[in-house]
Each structure stands twice: as structure tokens, then as C-alpha cells.
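Participant: task: produce atomic coordinates for the following.
(one chain, ligands or ions: 1)
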Amino acid sequence: MNAPCFRPLGMYCNLSEESLEELVRIGFTHICAGGIDWENDEELRKARSLLKAWSEHIQPYSVHYSCLFNSLDFPVDEVADRLSEWMLKAATLGIRWGVIHPRPGALPDWRNGPEPQVLQAFEDRLVTCLEKVAQRTCSSGTGLSLENDIWDRRVWNWLCTGKDLKRVVSRVGAKNIGICLDMGHVPISGLDPAATILEMGEYLVDTHFNDSFGYFPGRTVWDCDVHIPIGLGMVNWVEVMDALEAIGFTHPICFEAGSQVYPHDAARICFSNWRAIELARWRWDCFGNRPGGGTGPRAAHTSIPRPGSE
Ligand SMILES: [Zn+2]
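Facilitator: Numbers count the residues shown, from 1 in each chain. Have a look, this model is predicted:
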């Protein structure tokens, strides 16, 4: 009988002594540092020495960069310069991946929904920008990943699916440009979590794992983006684990749930739920077939015979 495979786990958290101590106490081996001001050299110096002091217990994995794509026709060279500069600084902190949302901050007031040819032009611009970034940073030890956006049909329907992101990242074709999967965005977009992972394949390098209740009609998609701890929403995490195994994912799993300033309670729930699901999945596999035909806890639950159903 094989031993269960426990993946290394990381958490999104503002970088502080208190956070590092708490994450290590819970059992995390990675931190995804939020709230870093890349223009503040003094702050970067402090971050570097803090991470160094804790390096035996916890490693930095990724960071979130603020959105630089202000408009659909953003200035390619300017953005590529700024991003490359941030990434080279992140590399000095030992950060492996930085994440960006590939969506402009300001969108046109579309009359009949997003116009595909305008979005295609944005994608071409984005690819050119990422090619420049990759050229400047390819040997730095840090990379840039594009996060799947929320499919908001009235306003934005681009770069939300695994297929879309894979198309862009493979067009760039650089080994330090990849994909970050925000799992909470997937059910809100009406997409399937496991299928999305399979679409992303080897380009998936970072995760923002959190749960959601999907889309509520009459609400904005941002209202629905609740970032609750994993296991409390509608994502089937057993199928997520199967899909990660199928694509050979070996990076740490990072959770992005709760508030970044004080996410410690969310961190504890994510950690214990993830480990419990890993263990349950392993036990089912040890016993042969999974209950309910292999689709996880919900199938297991519904397969229990009801009184009087025989
Ligand atoms: Zn995210």
C-alpha cells in the first residue's frame, strides 16, 4: 500500500513576522506574499531579511503584482519595463512566480457585449508585452503567471478558460511565463474545475485555491467572488486532486482565502480541509473503487441506500 501523497502547501498572506510564525505553526511550508510595494527599497530590504530569517521553515513561492493594463491599448513597452523591473526585484527575495490579472482596469461601455476583434487586438498586445518581459527575465529564476479571470458575459469574456490562457501562454512560448488558477473564479464563470486544470496542463504553475458558491443572478460577478476557504463551497476538491495528478502538477498548492491582512483562520481551515480530503481520497483508492463510482464525496453520499429504497 503506497503512502498518501501530501502536497506542500502555501498561503496568501501579508508578509510579517506574525504571519510567518502562524503559517509555520499550522504546517505551511510556503508563503505567497501580498502587499509588497516594489518601489519601496527599504521595505524590500526588510522583506528580504525577514524571509532569510525564516528560510529554514518556510519559503516564499509567489506574489501578486498590481494590474498595469489600464486600458485595452495599454503602452506595451512601458508595461513590459515596469513588470520586468518588479520581477527582477522579486527574484532577489527568492520569489518563484508573480501573478497578474490579464484584464484592463478600464473597459469600454460595450453596447452589445464585448467585441471579439477588440479583445483579439488586446491579446496580441499582451503577447508582445509578455515576450519582452520573458526576454528580460528568463534567467532571473522568477516567472510571471496569468490568472484566469471571471467570465462576466456582459463585460468581459476573454482569458477566463483554461484553453484561452493556454493559447496566450503557448504563443509566448517562454518557460518563465505560465498560468495561475484561481479556483473560486471557475464556478462563477460556469466552468468545470477539473476540466479547467486539464486544459491548462503543463502551463499551470501557481494556484489561488479558494471556494465559491458559483454565480448568483442579479449580483455582479465580484459580489460572488467570496474567497471562502476550500471545502466550504461547491468545488469538488477530490476531482481537483485527480486532475492535478493527471497533469503531473508538482508545485506547492497555494490558498488565497479570507482577508490578506489576517487570513489565519482561513489558513487553518484550508490546511485541515485539504489534508482531510487528501487522506480520504487515498483511503478510497486503497480500498479499490471509490464509493459512488469515483466522483468523490458527493457521489459517495448519494450512493448510501435510503431507507425503503431497496
Ligand atoms: Zn486570485
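Participant: so what's Thr207 up against?
Facilitator: Applying CB atoms under 8 Å, 6 or more residues apart in numbering to Thr207 gives the contacts 180-183, 251, 253-255. For glycine as for every other residue, the C-beta is placed from the backbone atoms N, C-alpha and C.
Participant: show only the entries of those residues found in strands.
Facilitator: Counting by DSSP state E, those place 180-182, 253-255 in strands.
Participant: now that we have those, which one has the most neighbours?
Facilitator: Counting neighbours by other CB atoms under 10 Å, Phe255 comes out on top of these with 29 neighbours.
Participant: any idea what sits nearest Arg96, other than its immediate chain neighbours?
Facilitator: In space, and not counting its chain neighbours, Arg96 is closest to Tyr61: 5.4 Å by CB to CB, 6 or more residues apart in numbering.
Participant: next, the contact list for the one you found, please.
Facilitator: Here Tyr61 is in contact with 10, 30-32, 95-97, 206, 251-252, 254 (criterion: CB under 8 Å, 6+ apart).
Participant: try 6 Å this time
Facilitator: By CB atoms under 6 Å, 6 or more residues apart in numbering, Tyr61 lies in contact with 10, 30, 32, 96, 252.
Participant: any idea how far Glu39 is from it?
Facilitator: 22 Å (CB to CB, to the nearest Å).
Participant: before we move on, what about Trp86?
Facilitator: 9 Å.
Participant: between those two, who's got more neighbours?
Facilitator: The residue with more neighbours, out of Trp86 and Glu39, is Trp86; 23 against 11, by other CB under 10 Å.
Participant: look up phi and psi at Ile228.
Facilitator: phi -90, psi 160 (degrees, to the nearest 10).
Participant: what's the neighbour count on Val79?
Facilitator: For Val79, the tally of surrounding residues (other CB under 10 Å) stands at 21.
Participant: count of neighbours near the residue lying closest to Ala134 once chain neighbours are set aside?
Facilitator: Using CB to CB, 6+ apart and skipping the chain neighbours, the partner closest in space to Ala134 is Ala174 (3.4 Å). Residues contacting Ala174 under the criterion other CB under 10 Å number 16.
Participant: and what of Gln135?
Facilitator: Number of residues near Gln135 (other CB under 10 Å) recorded here: 11.
Participant: not including adjacent chain positions, what is the nearest residue to it?
Facilitator: Ala174 (7.9 Å).
Participant: next one: that neighbour from His208, what distance?
Facilitator: 22 Å.
Participant: distance of Lys166 from Leu159?
Facilitator: Separation of Lys166 from Leu159 (CB to CB): 10 Å.
Participant: before we move on, the earlier item: so which of the contacts of Thr207 reach the ion?
Facilitator: Asp182 (CB under 5 Å from the ion).
Participant: quick check, nearest of the contacts of Thr207 to the ion?
Facilitator: Of all these, the ion sits closest to Asp182, with 3.7 Å by CB to the ion.
Participant: how about that closest one, what does it touch?
Facilitator: For Asp182, the contacting residues are 147-148, 208, by CB under 6 Å, 6+ apart.
Participant: sec struct for the nearest residue to it once chain neighbours are set aside, please.
Facilitator: Of all residues not flanking Asp182 in the chain, His208 sits nearest, at 4.0 Å (CB to CB, 6+ apart). Counting by DSSP: H, G, I helix; E, B strand; the rest coil, the backbone at His208 sits in strand.
Participant: correct me, but His208 touches Glu256?
Facilitator: Yes: under the criterion of CB atoms under 6 Å, His208 makes contact with Glu256 at 3.8 Å.
Participant: the more surrounded of those two?
Facilitator: Under the criterion of other CB under 10 Å, the comparison of His208 against Glu256 puts Glu256 first, with 28 against 23.
Participant: is it true that the more buried one touches Asp211?
Facilitator: No: using CB under 6 Å, Glu256 makes no contact with Asp211, being 10.8 Å away.
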